[in-house]
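A.B. asks: My questions concern the predicted model and sequence given below.
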Amino acid sequence: NAGVIQTPRHKVTGKGQEATLWCEPISGHSAVFWYRQTIVQGLEFLTYFRNQAPIDDSGMPKERFSAQMPNQSHSTLKIQSTQPQDSAVYLCASSLVTGSNTEVFFGKGTRLTVV
Amino acid sequence: GDSVTQTEGQVALSEEDFLTIHCNYSASGYPTLFWYVQYPGEGPQLLFRASRDKEKGSSRGFEATYDKGTTSFHLRKASVQESDSAVYYCALSEDSNYQLIWGSGTKLIIKP
């Protein structure tokens, strides 16, 4: 079990460019989450998929952020027209099922730097 | 809505000191409470959880007791080591909501 795999680990983009972040959840996990982490804001929920279906994207900045899960083995987070304030660590997580007792497993994150 | 409050943003201790990190929560129902730990360059990982009043969770010398009366789940360790340096997050989850509600995190610095 390799855990949740996120690629790339680091990404530098110029302001206005597009960034695509990849996540491979743990095999068999039906729930996939995306979070953004900054020193100022801490851990921020972005979006949640269950059995590949988007369930909640209430944390996503609507205009430039989008997430997809085309199959059970990977999810992508796309940021269009990146801005310096998008610089953060983006964390993907997965879990077997969702419930109050469920452990969530995180990847190592992708550090995005917008210059 | 539900919330988790960690009052210490950073705690600096020497090796073998006693650690307390405070966590208080507000929830409409009866949540499960978690402590996660995040080491540099890693994602958060579960330290332990507790689901019932007075239940004690523990792992690697860390422990916390679910206290419904004071709505608290304080993290304690009797003797910290340099390897405990990390960020610690308190979180809660309710049956009615798939989301984890996170505290702001506490950075633990252990001076050798």
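C.D. replies: Arrived safely, thanks for sending.
A.B. asks: going forward, measure contacts and count neighbours with C-alpha atoms only.
C.D. replies: Will do.
A.B. asks: Doesn't residue B:83 belong to a helix?
C.D. replies: Yes: the assignment for residue B:83 by DSSP: H, G, I helix; E, B strand; the rest coil puts it in a helix.
A.B. asks: what sits against it?
C.D. replies: Contact partners of residue B:83, counting by Cα atoms under 8 Å, 6 or more residues apart in numbering or on different chains, are residue B:110.
A.B. asks: now residue A:115
C.D. replies: Residue A:115 touches A:12-15, A:84, counting by Cα under 8 Å, 6+ apart.
A.B. asks: In strands only, show me those.
C.D. replies: The strands in this structure, assigned by DSSP state E, contain A:12-13 from the contacts of residue A:115.
A.B. asks: wait, which of the contacts of residue A:115 is closest to chain B?
C.D. replies: Ranked by distance to chain B (Cα to the nearest Cα), the contacts of residue A:115 are led by residue A:12 at 16.8 Å.
A.B. asks: Enumerate every residue touching that closest one.
C.D. replies: Neighbouring residues of residue A:12 by Cα under 8 Å, 6+ apart: A:112-115.
A.B. asks: again, but for residue A:53
C.D. replies: By Cα under 8 Å, 6+ apart, the contact list for residue A:53 reads residue A:69.
A.B. asks: So which residues on chain B come close to chain A?
C.D. replies: For chain B, the contact set with chain A under Cα under 8 Å from any Cα of the partner chain comprises B:31-32, B:41-46, B:49, B:51, B:92-98, B:102, B:104-105.
A.B. asks: From those, list the buried ones, please.
C.D. replies: If you count burial by 16 or more other Cα atoms under 10 Å in any protein chain shown, the buried members of the residues of chain B next to chain A come out as B:31-32, B:43-46, B:49, B:51, B:92-94, B:98, B:102, B:104-105.
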